[in-house]
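# Got a predicted structure plus its sequence, pasted below:
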Amino acid sequence: MEKQRNFSKLIRGIAAEEGLSLLSLSDDWAFILEKDGKRLPVVAHQFPLNPASVSELCRDKALTYEVLEKAGIPAVPHIFLPNSAYQAYAGGPSTEDQALQFLEIEREIVLKDNYGTGGSRVYYAADEEALAAALAELLPKTTALSLSPYVRILDEYRAVVLENAVRLVFSKERAYLIADGVRPLGALLSDAGIDVGRFLSHSGPYAAYRDPEALHTVPGKGTRIPLNWKHNLGQGASAVLLEEGETKEAVRALALSASAALGTRFSSVDVIRDENGLRVLEVNAGVMMEHFAGQGPEFYRMAEEIYRDALRLSFGSL
(Lines give C-alpha, C1' and ligand atoms only; values in the text may rest on other atoms or scores of the structure.)
Protein backbone atom coordinates (compact mmCIF):
# COMPACT_ATOMS: atom_id res chain seq x y z
CA MET A 1 0.00 0.00 0.00
CA GLU A 2 1.18 3.52 -0.76
CA LYS A 3 -0.20 4.86 2.50
CA GLN A 4 -0.37 2.42 5.38
CA ARG A 5 -2.95 2.76 8.10
CA ASN A 6 -1.56 3.23 11.60
CA PHE A 7 -2.71 -0.22 12.69
CA SER A 8 -0.96 -1.82 9.71
CA LYS A 9 2.22 0.13 10.45
CA LEU A 10 2.08 -0.86 14.10
CA ILE A 11 1.62 -4.58 13.42
CA ARG A 12 4.29 -4.61 10.70
CA GLY A 13 6.75 -2.72 12.91
CA ILE A 14 6.17 -4.99 15.90
CA ALA A 15 6.49 -8.09 13.72
CA ALA A 16 9.86 -6.90 12.43
CA GLU A 17 11.15 -6.10 15.92
CA GLU A 18 9.93 -9.41 17.37
CA GLY A 19 11.24 -11.52 14.51
CA LEU A 20 7.79 -12.62 13.35
CA SER A 21 7.00 -13.61 9.81
CA LEU A 22 3.94 -11.76 8.54
CA LEU A 23 1.35 -12.60 5.92
CA SER A 24 -1.06 -9.81 4.97
CA LEU A 25 -4.58 -10.72 3.86
CA SER A 26 -7.23 -8.57 2.15
CA ASP A 27 -5.18 -5.36 2.03
CA ASP A 28 -4.10 -5.60 5.70
CA TRP A 29 -7.61 -6.35 6.96
CA ALA A 30 -6.07 -9.44 8.58
CA PHE A 31 -2.60 -10.77 9.33
CA ILE A 32 -1.15 -14.19 9.98
CA LEU A 33 1.91 -13.89 12.23
CA GLU A 34 4.26 -16.82 12.75
CA LYS A 35 7.19 -17.66 14.99
CA ASP A 36 8.76 -20.97 16.04
CA GLY A 37 6.04 -22.92 14.27
CA LYS A 38 3.21 -21.02 16.00
CA ARG A 39 0.69 -19.22 13.78
CA LEU A 40 -1.35 -16.32 15.10
CA PRO A 41 -4.26 -14.58 13.30
CA VAL A 42 -5.10 -10.93 13.91
CA VAL A 43 -8.32 -9.91 12.20
CA ALA A 44 -9.77 -6.39 12.15
CA HIS A 45 -8.20 -5.34 15.47
CA GLN A 46 -9.20 -8.65 17.05
CA PHE A 47 -6.39 -10.53 18.79
CA PRO A 48 -6.90 -14.22 19.69
CA LEU A 49 -6.67 -13.56 23.43
CA ASN A 50 -10.46 -13.48 23.76
CA PRO A 51 -12.42 -16.66 23.09
CA ALA A 52 -14.68 -16.43 20.03
CA SER A 53 -17.78 -16.52 22.23
CA VAL A 54 -16.52 -13.55 24.29
CA SER A 55 -15.79 -11.57 21.13
CA GLU A 56 -19.32 -12.28 19.88
CA LEU A 57 -20.75 -11.26 23.23
CA CYS A 58 -18.97 -7.90 23.11
CA ARG A 59 -19.96 -7.38 19.49
CA ASP A 60 -23.62 -7.61 20.50
CA LYS A 61 -24.43 -4.34 22.29
CA ALA A 62 -27.70 -5.58 23.78
CA LEU A 63 -26.15 -8.78 25.14
CA THR A 64 -23.25 -6.81 26.58
CA TYR A 65 -25.71 -4.60 28.44
CA GLU A 66 -27.61 -7.63 29.78
CA VAL A 67 -24.44 -9.18 31.17
CA LEU A 68 -23.35 -5.93 32.81
CA GLU A 69 -26.81 -5.20 34.20
CA LYS A 70 -27.11 -8.66 35.77
CA ALA A 71 -23.62 -8.25 37.26
CA GLY A 72 -24.74 -5.02 38.94
CA ILE A 73 -22.42 -2.84 36.84
CA PRO A 74 -23.91 0.56 35.90
CA ALA A 75 -24.38 0.68 32.14
CA VAL A 76 -26.37 2.56 29.52
CA PRO A 77 -29.33 0.36 28.49
CA HIS A 78 -29.20 -1.22 25.03
CA ILE A 79 -32.42 -3.05 24.16
CA PHE A 80 -32.34 -5.72 21.46
CA LEU A 81 -34.63 -4.92 18.52
CA PRO A 82 -34.72 -7.58 15.78
CA ASN A 83 -35.23 -6.66 12.17
CA SER A 84 -38.63 -8.23 11.51
CA ALA A 85 -37.90 -8.34 7.77
CA TYR A 86 -35.70 -11.37 8.45
CA GLN A 87 -37.46 -14.71 8.62
CA ALA A 88 -35.77 -15.62 11.91
CA TYR A 89 -37.57 -12.71 13.59
CA ALA A 90 -40.87 -12.81 11.71
CA GLY A 91 -44.18 -13.37 13.46
CA GLY A 92 -44.08 -10.73 16.19
CA PRO A 93 -44.64 -6.98 16.19
CA SER A 94 -42.79 -5.15 13.44
CA THR A 95 -39.50 -3.42 14.12
CA GLU A 96 -41.12 -0.09 13.29
CA ASP A 97 -43.95 -0.61 15.80
CA GLN A 98 -41.60 -1.65 18.58
CA ALA A 99 -39.28 1.29 17.93
CA LEU A 100 -42.21 3.72 17.94
CA GLN A 101 -43.45 2.30 21.24
CA PHE A 102 -39.98 2.77 22.74
CA LEU A 103 -39.86 6.36 21.45
CA GLU A 104 -43.27 7.13 22.97
CA ILE A 105 -42.02 5.92 26.35
CA GLU A 106 -38.57 7.52 26.34
CA ARG A 107 -39.30 10.60 24.15
CA GLU A 108 -35.64 10.82 23.07
CA ILE A 109 -33.82 7.70 21.90
CA VAL A 110 -30.68 6.47 20.16
CA LEU A 111 -30.86 3.73 17.53
CA LYS A 112 -27.79 1.69 16.59
CA ASP A 113 -26.78 -1.22 14.46
CA ASN A 114 -26.55 -3.77 17.27
CA TYR A 115 -23.24 -4.97 15.81
CA GLY A 116 -21.79 -1.67 14.56
CA THR A 117 -18.51 0.04 15.45
CA GLY A 118 -16.89 3.46 15.33
CA GLY A 119 -20.07 5.46 15.82
CA SER A 120 -21.36 4.59 12.36
CA ARG A 121 -25.04 3.72 11.96
CA VAL A 122 -25.95 5.53 15.17
CA TYR A 123 -28.98 7.84 15.03
CA TYR A 124 -30.86 10.15 17.37
CA ALA A 125 -34.65 10.44 17.23
CA ALA A 126 -37.09 12.60 19.16
CA ASP A 127 -40.05 12.40 16.79
CA GLU A 128 -41.64 9.99 14.33
CA GLU A 129 -40.04 11.64 11.30
CA ALA A 130 -36.52 11.22 12.66
CA LEU A 131 -37.35 7.68 13.75
CA ALA A 132 -38.57 6.74 10.28
CA ALA A 133 -35.47 8.23 8.68
CA ALA A 134 -33.17 6.31 11.05
CA LEU A 135 -34.98 3.03 10.44
CA ALA A 136 -34.82 3.58 6.69
CA GLU A 137 -31.03 3.86 6.99
CA LEU A 138 -30.54 1.01 9.42
CA LEU A 139 -32.93 -1.78 8.48
CA PRO A 140 -31.50 -2.59 5.01
CA LYS A 141 -28.03 -3.00 6.55
CA THR A 142 -28.42 -5.16 9.67
CA THR A 143 -30.36 -8.04 11.17
CA ALA A 144 -30.87 -6.32 14.51
CA LEU A 145 -30.77 -2.93 16.19
CA SER A 146 -30.30 -1.82 19.76
CA LEU A 147 -32.35 0.97 21.30
CA SER A 148 -31.22 3.22 24.14
CA PRO A 149 -32.81 6.13 25.95
CA TYR A 150 -30.90 9.24 24.95
CA VAL A 151 -28.36 10.17 27.62
CA ARG A 152 -26.93 13.69 27.84
CA ILE A 153 -23.27 12.78 28.02
CA LEU A 154 -21.09 15.24 29.92
CA ASP A 155 -17.85 13.34 29.35
CA GLU A 156 -16.83 10.15 27.62
CA TYR A 157 -13.75 8.05 28.38
CA ARG A 158 -12.03 4.98 27.00
CA ALA A 159 -10.00 2.47 29.00
CA VAL A 160 -7.90 -0.26 27.38
CA VAL A 161 -7.73 -3.42 29.49
CA LEU A 162 -5.11 -6.09 28.89
CA GLU A 163 -4.89 -9.17 31.10
CA ASN A 164 -6.72 -7.62 34.08
CA ALA A 165 -4.73 -4.40 33.97
CA VAL A 166 -5.85 -1.02 32.65
CA ARG A 167 -3.11 0.09 30.29
CA LEU A 168 -4.57 3.32 28.99
CA VAL A 169 -7.28 5.81 29.97
CA PHE A 170 -8.23 8.88 27.96
CA SER A 171 -11.17 11.18 27.49
CA LYS A 172 -12.76 11.83 24.11
CA GLU A 173 -12.98 15.55 23.51
CA ARG A 174 -15.34 16.57 20.74
CA ALA A 175 -14.34 19.29 18.30
CA TYR A 176 -16.19 22.57 18.79
CA LEU A 177 -16.24 26.21 17.79
CA ILE A 178 -16.45 29.15 20.18
CA ALA A 179 -18.86 31.90 19.11
CA ASP A 180 -17.60 35.47 18.97
CA GLY A 181 -21.03 37.02 19.50
CA VAL A 182 -20.81 38.80 16.13
CA ARG A 183 -20.98 36.28 13.31
CA PRO A 184 -24.06 34.12 12.70
CA LEU A 185 -23.69 30.36 13.01
CA GLY A 186 -23.47 29.81 9.26
CA ALA A 187 -20.60 32.27 8.92
CA LEU A 188 -18.77 30.73 11.88
CA LEU A 189 -18.95 27.33 10.22
CA SER A 190 -18.00 28.58 6.76
CA ASP A 191 -15.06 30.63 8.06
CA ALA A 192 -13.77 27.52 9.86
CA GLY A 193 -14.03 25.47 6.65
CA ILE A 194 -16.83 23.26 7.99
CA ASP A 195 -19.44 21.89 5.63
CA VAL A 196 -22.79 23.30 6.77
CA GLY A 197 -24.85 20.37 5.54
CA ARG A 198 -22.59 17.91 7.33
CA PHE A 199 -22.84 19.97 10.52
CA LEU A 200 -26.63 19.93 10.43
CA SER A 201 -26.71 16.18 9.86
CA HIS A 202 -24.33 15.62 12.80
CA SER A 203 -26.10 17.91 15.25
CA GLY A 204 -28.26 15.05 16.58
CA PRO A 205 -29.96 16.09 19.80
CA TYR A 206 -28.96 19.74 19.52
CA ALA A 207 -32.35 20.87 18.26
CA ALA A 208 -31.33 24.51 17.98
CA TYR A 209 -28.69 23.58 15.42
CA ARG A 210 -30.82 21.11 13.44
CA ASP A 211 -33.03 23.90 12.14
CA PRO A 212 -31.49 25.51 9.02
CA GLU A 213 -32.84 28.85 10.27
CA ALA A 214 -30.34 28.58 13.13
CA LEU A 215 -27.59 29.28 10.59
CA HIS A 216 -28.75 32.91 10.51
CA THR A 217 -28.77 33.42 14.28
CA VAL A 218 -25.83 34.84 16.26
CA PRO A 219 -24.82 32.60 19.20
CA GLY A 220 -23.79 34.42 22.36
CA LYS A 221 -20.13 35.24 22.78
CA GLY A 222 -18.21 32.32 24.28
CA THR A 223 -20.87 29.75 23.41
CA ARG A 224 -19.36 26.35 22.63
CA ILE A 225 -20.79 24.85 19.45
CA PRO A 226 -20.10 21.09 19.25
CA LEU A 227 -19.45 19.92 15.71
CA ASN A 228 -20.82 16.44 16.37
CA TRP A 229 -23.01 14.95 19.08
CA LYS A 230 -20.94 11.75 19.05
CA HIS A 231 -17.63 11.33 20.87
CA ASN A 232 -15.90 8.92 18.47
CA LEU A 233 -12.28 9.65 17.55
CA GLY A 234 -13.06 8.58 14.00
CA GLN A 235 -15.68 11.33 13.81
CA GLY A 236 -13.53 14.26 14.82
CA ALA A 237 -13.03 13.90 18.58
CA SER A 238 -9.54 13.98 20.11
CA ALA A 239 -8.00 11.76 22.78
CA VAL A 240 -6.81 13.55 25.91
CA LEU A 241 -4.80 11.45 28.37
CA LEU A 242 -6.33 11.45 31.83
CA GLU A 243 -4.16 12.54 34.73
CA GLU A 244 -4.07 10.47 37.90
CA GLY A 245 -6.93 11.35 40.18
CA GLU A 246 -10.41 10.39 41.32
CA THR A 247 -11.94 10.33 37.83
CA LYS A 248 -9.24 8.15 36.32
CA GLU A 249 -9.40 5.72 39.23
CA ALA A 250 -13.19 5.47 38.97
CA VAL A 251 -13.04 4.84 35.20
CA ARG A 252 -10.30 2.27 35.75
CA ALA A 253 -12.32 0.40 38.36
CA LEU A 254 -15.47 0.37 36.22
CA ALA A 255 -13.52 -0.87 33.18
CA LEU A 256 -11.96 -3.71 35.16
CA SER A 257 -15.38 -4.75 36.50
CA ALA A 258 -16.88 -4.75 32.99
CA SER A 259 -13.96 -6.72 31.57
CA ALA A 260 -14.24 -9.32 34.33
CA ALA A 261 -18.00 -9.67 33.91
CA LEU A 262 -17.64 -10.30 30.17
CA GLY A 263 -14.52 -12.44 30.46
CA THR A 264 -12.27 -10.39 28.18
CA ARG A 265 -8.48 -10.59 28.24
CA PHE A 266 -8.04 -7.68 25.83
CA SER A 267 -10.70 -5.06 25.32
CA SER A 268 -11.52 -1.36 25.32
CA VAL A 269 -14.28 -0.12 27.58
CA ASP A 270 -16.18 3.08 26.82
CA VAL A 271 -17.45 4.87 29.91
CA ILE A 272 -19.70 7.92 29.99
CA ARG A 273 -20.45 10.44 32.70
CA ASP A 274 -23.91 11.95 32.89
CA GLU A 275 -25.81 13.69 35.65
CA ASN A 276 -26.10 10.35 37.49
CA GLY A 277 -22.39 9.52 37.44
CA LEU A 278 -20.28 7.02 35.49
CA ARG A 279 -21.75 4.21 33.39
CA VAL A 280 -20.38 1.76 30.84
CA LEU A 281 -21.51 2.56 27.32
CA GLU A 282 -19.93 -0.29 25.31
CA VAL A 283 -17.17 -2.88 25.50
CA ASN A 284 -15.13 -3.69 22.40
CA ALA A 285 -13.19 -6.93 22.00
CA GLY A 286 -11.52 -5.45 18.94
CA VAL A 287 -9.15 -2.85 20.34
CA MET A 288 -8.90 -0.04 17.81
CA MET A 289 -6.27 2.64 18.41
CA GLU A 290 -6.01 3.83 14.81
CA HIS A 291 -6.92 7.46 15.44
CA PHE A 292 -5.35 7.50 18.89
CA ALA A 293 -1.98 6.44 17.44
CA GLY A 294 -2.27 9.12 14.76
CA GLN A 295 -2.34 12.01 17.25
CA GLY A 296 1.44 12.11 17.66
CA PRO A 297 4.60 10.15 18.48
CA GLU A 298 3.74 9.73 22.19
CA PHE A 299 0.33 8.27 21.36
CA TYR A 300 1.83 6.03 18.69
CA ARG A 301 4.38 4.64 21.16
CA MET A 302 1.67 3.93 23.74
CA ALA A 303 -0.43 2.04 21.21
CA GLU A 304 2.66 0.16 20.02
CA GLU A 305 3.54 -0.95 23.54
CA ILE A 306 0.04 -2.26 24.21
CA TYR A 307 -0.22 -4.12 20.90
CA ARG A 308 3.27 -5.60 21.38
CA ASP A 309 2.32 -6.97 24.78
CA ALA A 310 -0.96 -8.31 23.37
CA LEU A 311 0.95 -10.17 20.65
CA ARG A 312 3.44 -11.59 23.15
CA LEU A 313 0.62 -12.78 25.38
CA SER A 314 -1.17 -14.28 22.37
CA PHE A 315 1.87 -16.29 21.34
CA GLY A 316 2.40 -17.35 24.94
CA SER A 317 -1.16 -18.69 25.05
CA LEU A 318 -0.70 -20.96 22.01
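Thanks, I have it.

# all helices for this structure, in order.
Along the chain, counting by DSSP state H, helices occupy 6-18, 52-59, 61-70, 95-106, 128-138, 185-191, 196-201, 207-210, 246-262, 290-293, 297-317.

# By mean pLDDT, which helix or strand of the chain comes out lowest?
Within the chain, no helix or strand scores below helix 207-210, which has a mean of 72 by mean pLDDT, DSSP states H and E.

# buried ones in that one?
Judged by neighbour count (16 or more other CB atoms under 10 Å), helix 207-210 contains these buried residues: Y209, R210. For the C-beta atoms, the positions are set from N, CA and C on the backbone; glycine is no exception.

# Check what pLDDT the residue positioned nearest the centre of the chain gets.
Nearest to the mean C-alpha position of the chain, counting by CA atoms, centre = their mean, stands G118 at 4.5 Å. On the pLDDT scale, G118 is placed at 78.

# and it, how far is that from E249?
For G118, the distance to E249 (CB to CB, to the nearest Å) stands at 28 Å.

# cool, R39 as well?
In terms of CB to CB, R39 sits 39 Å off from E249.

# show me where pLDDT drops low in this protein?
Along the chain, segments meeting pLDDT under 70 span 1-4, 87-90, 207.

# How is it partitioned into domains?
6-44+291-317, 51-75+151-174+232-287, 77-150, 176-229 (automatic domain parsing).

# Out of these, indicate the one that is most buried.
domain 51-75+151-174+232-287 (a mean of 18; mean count of other CB atoms under 10 Å).

# Ends of it, what's the gap?
Start-to-end span of domain 51-75+151-174+232-287 (CA to CA, to the nearest Å) is 14 Å.

# distance between that domain and the chain's centre?
Centre-to-centre, domain 51-75+151-174+232-287 and its host chain are 10 Å apart (CA atoms, centre = their mean, to the nearest Å).

# what does stretch 224-231 give?
15 Å.

# Surely L188 and Y176 touch.
No: the criterion here is CB atoms under 8 Å, and L188 misses it with Y176 at 10.8 Å.

# G234 is nearest to which of the helices of the chain?
helix 290-293 (5.5 Å; CB to CB).

# Check what contacts stretch 170-190 and list those residues.
Outside stretch 170-190, the residues that touch it by CB atoms under 8 Å, 6 or more residues apart in numbering are 155-158, 191-192, 194-196, 199, 209, 214-228, 230-233, 236-242, 292.

# before we move on, the earlier item: which one of the helices of the chain lies nearest to N164?
Of all the helices of the chain, helix 246-262 sits nearest to N164, with 6.9 Å by CB to CB.

# who's in contact with the closest one?
Contact with helix 246-262 is made by 54, 57-58, 64, 67-68, 71, 73-75, 157, 159, 161, 164, 166, 169, 242, 267, 269, 271, 278, 280, 283, as judged by CB under 8 Å, 6+ apart.

# contacting residues for A130?
Y123, Y124.

# er, I272 actually
Applying CB under 8 Å, 6+ apart, we find I272 in contact with V76, V151, I153, L154, D155, E156, Y157, L278, R279, L281.

# Quick one: the helices of the chain as a markdown table, columns for distance to F80 too.
Formatted as a markdown table, the helices of the chain follow (distance: least, CB to CB, whole Å):
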| stretch | distance to F80 |
| --- | --- |
| helix 6-18 | 30 |
| helix 52-59 | 13 |
| helix 61-70 | 4 |
| helix 95-106 | 10 |
| helix 128-138 | 14 |
| helix 185-191 | 38 |
| helix 196-201 | 27 |
| helix 207-210 | 28 |
| helix 246-262 | 16 |
| helix 290-293 | 28 |
| helix 297-317 | 30 |
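
# Looking at those, which is nearest to Q46?
helix 52-59 (6.1 Å).

# ok, the nearest residue to G294 once chain neighbours are set aside - contacts?
Nearest residue to G294, sequence neighbours excluded (CB to CB, 6 or more residues apart in numbering): N6, at 5.2 Å. Applying CB under 8 Å, 6+ apart to N6 gives the contacts M289, E290, H291, A293, G294, Y300, A303.
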